[in-house]
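> No letters, just coordinates:
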Ligand SMILES: CC(C)(COP(=O)(O)OP(=O)(O)OC[C@H]1O[C@@H](n2cnc3c(N)ncnc32)[C@H](O)[C@@H]1OP(=O)(O)O)[C@@H](O)C(=O)NCCC(=O)NCCS
């Protein structure tokens, strides 16, 4: 399979936050933002793989600032790394205060998306071919997150086998 550049998968969703997205105090639900992250990651992964995809996991999402009703939220995603059938999509969330023009970086998330065949089995994906220093750094960091994830899973399985609490 021919490698693809991370920028080929760049995807963006922009939405104005309404009352349906928030609690009675006007704070936007974390789930609203997470859903946008999932959607943009899916689009980026589809662009990279040319297949349908499912979300296998989301790593440690943090919310750095509250988002309020009336703000414009932009969620941008790009495939950072691709392995056999899975891809890591890095997602950056920004919220814009329309009155002041201030734009805040409110979240970063990393999602693992898996490409599927028409029969619903994991499907091979093209490798990524990073072009810039930032893209090479994101690829290195994605490899690190994957290694950490796999090591953690192995440690938990081993601890369960030993009967450790
Ligand atoms: C994701 C899924 C297709 C993986 O199927 P599987 O039978 O475990 O397939 P495999 O063992 O061949 O793993 C396929 C890839 O998924 C990755 N993967 C599986 N579980 C994962 C997890 N929890 N986190 C990150 N990656 C995961 C594997 O590392 C592997 O990657 P690689 O091929 O690049 O090395 C399957 O678990 C699934 O369908 N899950 C539900 C997905 C879904 O419905 N998401 C929406 C949420 S409602």
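Looks like it came in fine. Please read all numbers here as calculations on a predicted model, not as lab measurements.

> all contacts plus neighbour counts: C-alpha atoms, from now on.
OK.

> Sketch out the low-pLDDT regions of the protein for me.
165 (pLDDT under 70).

> By residue count, tell me the biggest helix in this structure.
The residue-count maximum for a helix in the chain (DSSP state H) belongs to helix 133-162.

> So which bits of that helix are buried?
135, 136, 138, 139, 142, 143, 146 (16 or more other Cα atoms under 10 Å).

> Equivalent analysis for stretch 16-27, please.
Within stretch 16-27, the residues scored as buried using 16+ other Cα under 10 Å are 17, 21, 22, 26.

> Please apply the same query to stretch 85-103.
Using 16+ other Cα under 10 Å as the test for burial, stretch 85-103 gives 85-97.

> Which secondary structure elements does the longest strand seen in the chain sit against?
For the chain, the strand with the greatest residue count under DSSP state E is strand 103-116. Secondary-structure packing of strand 103-116 (3 or more Cα pairs under 8 Å, 6 or more residues apart in numbering; DSSP states H and E): helix 30-49, strand 52-63, strand 86-96.

> Among the ones you listed, which comes closest to residue 116?
Closest approach to residue 116 among the helices and strands packed on strand 103-116 (Cα to Cα): strand 52-63, 5.6 Å.

> Sheet-wise, list the partners of whatever helix or strand comes next after the closest one with their directions.
The element immediately downstream of strand 52-63 (helix or strand, assigned by DSSP states H and E) is strand 72-82. Strand pairing for strand 72-82, using DSSP bridges, gives strand 11-16 (antiparallel), strand 86-96 (antiparallel).

> For the longest one, give me every contacting residue.
Taking Cα atoms under 8 Å, 6 or more residues apart in numbering as the criterion, the residues outside strand 86-96 that touch it are 37, 40-41, 44-45, 67, 71-82, 102-115, 124-125, 142.

> And for the first one?
Under the criterion Cα under 8 Å, 6+ apart, residues 36, 40-41, 43-44, 70-78 lie in contact with strand 11-16.

> Let me see the backbone angles for residue 23.
Backbone torsions for residue 23, taken as degrees, to the nearest 10, come to phi -90, psi -180.

> ok, now which ones touch it?
Neighbours of residue 23 in contact, by Cα under 8 Å, 6+ apart: residue 29.

> coming back round to it: could you check the angle the longest strand of the chain makes with helix 133-162?
Orientation check (axes from the mean of the first three to the mean of the last three Cα atoms, to 10 degrees): strand 103-116 against helix 133-162 gives 60 degrees.

> Is any residue of strand 103-116 near the ligand?
Yes: shown here: strand 103-116 in contact with the ligand (Cα under 6 Å from any ligand atom) through 112, 114.
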